[in-house]
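# I need the structure of the sequence given here:
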Amino acid sequence: MRTHHFFFSFRTSDKQRVEKLLEGIKSCLPNFPIQDISQEVPFCDDWKHHALEQIQRSDGLICVVGKETAKSDPVNWEIEEAVRQSKPVVIAQLDDGRLPSACHKLNIKPIKALAPKVAEKICDLLVPKALLEGVKVPIQDEQLTLVWNQYSLMVQSWEALISRRQTVNNIYLTGNATILAAIGVFVGSFKDVGASPSLYGGIMLSLLGGLLSLNWLQTIVSYGTLSQAKSKVVLALEHYLPAKLFDTEWAVLEAKKYRSTTRGDKLASQFFILLFIMMFSVLTAMKLGWMPLPQVNDGKSASTQTG
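Okay, the predicted model is just below:
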């Protein structure tokens with residue numbers, strides 16, 4: 001597996017924090033080994049020449065911004081040089097200090113210097129390269145056909161995943177509705193079977209519903225992660241195709257502030273989790289005598305008293 005080289009740009013005063021961040025990034029990307037090649041730049045008068053060579057052979061530049069980084073002329077020069085060489089630049093902000101002037105000049109927005117966030121950005125940069133590793137670029141016509149076939153296969157797989165997720169959501173929703181109906185039957189059978197069996201049944205079903213909803217939430221998160229991974233592969237393949245269909249579609253949706261259905265699915269599962277927790281708490285409190293049992297109206301006795 002090829003090691004990917006990144007040029008980490010930072011002030012010497014932030015070196016320990018950068019090393020800690022790099023270790024966290026490496027642990028987040030076990031399938032994408034990365035190396036900081038900025039350490040190969042010597043401290044000498046001719047440092048720009050050496051830095052130029054390292055930036056040129058890098059897969060991108062990661063600028064880690066601390067409180068005093070904005071005052072560093074070398075960091076500004078490295079950012080501008082990376083952009084000049086068409087290298088991707090990621091600005092990771094450790095503190096709330098000012099950004100280097102090159103960020104404002106080149107309109108580069110920062111992200112928080114958290115290992116998972118930076119690792120995700122690096123992964124986005126490396127996916128297109130990993131897809132066609134060992135293949136000469138630009139792609140020849142006969143290879144373009146193969147790329148299109150793989151692209152179509154991945155799109156079909158993505159659509160099948162979305163369809164399967166909707167089916168699974170319907171199954172969980174039906175299951176939760178059934179459990180709620182069963183709890184209603186148990187609670188409504190106080191008069192026929194007694195309070196104790198009814199409460200036991202309601203408590204057990206509430207616990208089952210809560211666990212089912214928790215499993216639903218975990219399934220939604222899993223499907224969301226899979227969908228996100230497939231979308232990144234599809235968008236990466238579009239770099240080598242004439243038309244960038246999904247990339248353009250996402251740009252339009254982002255402009256209209258589109259929100260993924262995954263968020264709505266999560267809210268639905270969380271609602272059921274809270275609902276079943278409340279029902280479990282109320283029924284348990286009734287069983288322990290901390291709350292009064294609901295009064296059951298006896299139609300026969302009421303009519304007798306009236307007469």
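# Could you measure from the spatially closest residue to Asp124 that is not a sequence neighbour over to Lys109?
Nearest non-adjacent residue to Asp124, counting by C-beta to C-beta, 6 or more residues apart in numbering: Lys232, 6.4 Å away. To be clear about C-beta, it is placed using only N, CA and C from the backbone, and glycine gets the same treatment. Plainly put, Lys232 is 19 Å away from Lys109 if you go by C-beta to C-beta, to the nearest Å.
# How about Val233?
Taking C-beta to C-beta, one finds Val233 at 24 Å from Lys109.
# More neighbours: which of these two?
Val233 (19 against 8; other C-beta atoms under 10 Å).
# part of a helix, is that one?
Yes. In this structure, Val233 lies within a helix as judged by DSSP: H, G, I helix; E, B strand; the rest coil.
# Pretty sure the residue nearest to Asp124 sits against Val127.
Yes. Using C-beta atoms under 8 Å, Lys232 is in contact with Val127, at 5.5 Å.
# what's stretch 212-222 in contact with?
Applying C-beta atoms under 8 Å, 6 or more residues apart in numbering, the contact partners of stretch 212-222 are 165, 168-169, 172, 175-176, 179, 262, 265-266, 269-270, 272-273, 276.
# any idea which helix or strand carries the most centrally placed residue in the chain?
With distances taken as C-alpha atoms, centre = their mean, Thr225 lies nearest the centre of the chain, 6.2 Å away. Using DSSP states H and E, Thr225 falls within helix 195-237.
# Kindly calculate the angle that the strand or helix carrying Ala160 makes with helix 195-237.
Using DSSP H and E, Ala160 sits in helix 141-187. Computed by axes from the mean of the first three to the mean of the last three C-alpha atoms, to 10 degrees, the angle separating helix 141-187 from helix 195-237 equals 170 degrees.
# Please report the distance of Pro116 from Gln228.
Plainly put, Pro116 is 13 Å away from Gln228 if you go by C-beta to C-beta.
# which residues are in contact with both of those two?
Contacts common to Pro116 and Gln228, judged by C-beta under 8 Å, 6+ apart, are absent.
# how about low-confidence regions in the stretch 51-200 of the chain?
132-142 (pLDDT under 70).
# of all the contacts of stretch 212-222, which two lie farthest apart?
Ile179 and Thr262 (23.5 Å; C-beta to C-beta).
# which one of the two has more residues nearby?
Ile179 (20 against 16).
# In contact with the closest residue to that one other than its chain neighbours, which residues are there?
In space, Ile179 comes closest to Gly209 once its chain neighbours are excluded; the distance is 4.2 Å by C-beta to C-beta, 6+ apart. Residues counted as contacts of Gly209 (C-beta under 8 Å, 6+ apart) are Asn176, Ile179, Leu180, Ile183, Phe272, Leu275, Phe276, Met279.
# can you check Pro128 too?
Pro128 makes contacts with Ala236, Leu237, His239, Tyr240, as judged by C-beta under 8 Å, 6+ apart.
# List the contacts of the second one.
It refers to Leu237. Pro128, Leu131, Val147, Gln150, Tyr151, Met154 are the contacts of Leu237 under C-beta under 8 Å, 6+ apart.
# Report the buried members of those.
Pro128, Val147, Tyr151, Met154 (16 or more other C-beta atoms under 10 Å).
# Which of those residues sits closest to Cys44?
Closest approach between these and Cys44, by C-beta to C-beta: Pro128, at 35.4 Å.
# what about the closest one, which SS state?
helix.
# What does Ile34 show for phi and psi?
With angles defined as degrees, to the nearest 10, Ile34 sits at phi -120, psi 160.
# Which residue, neighbours along the chain excluded, lies closest to it?
Per C-beta to C-beta, 6+ apart, closest to Ile34 is His4, 4.9 Å.
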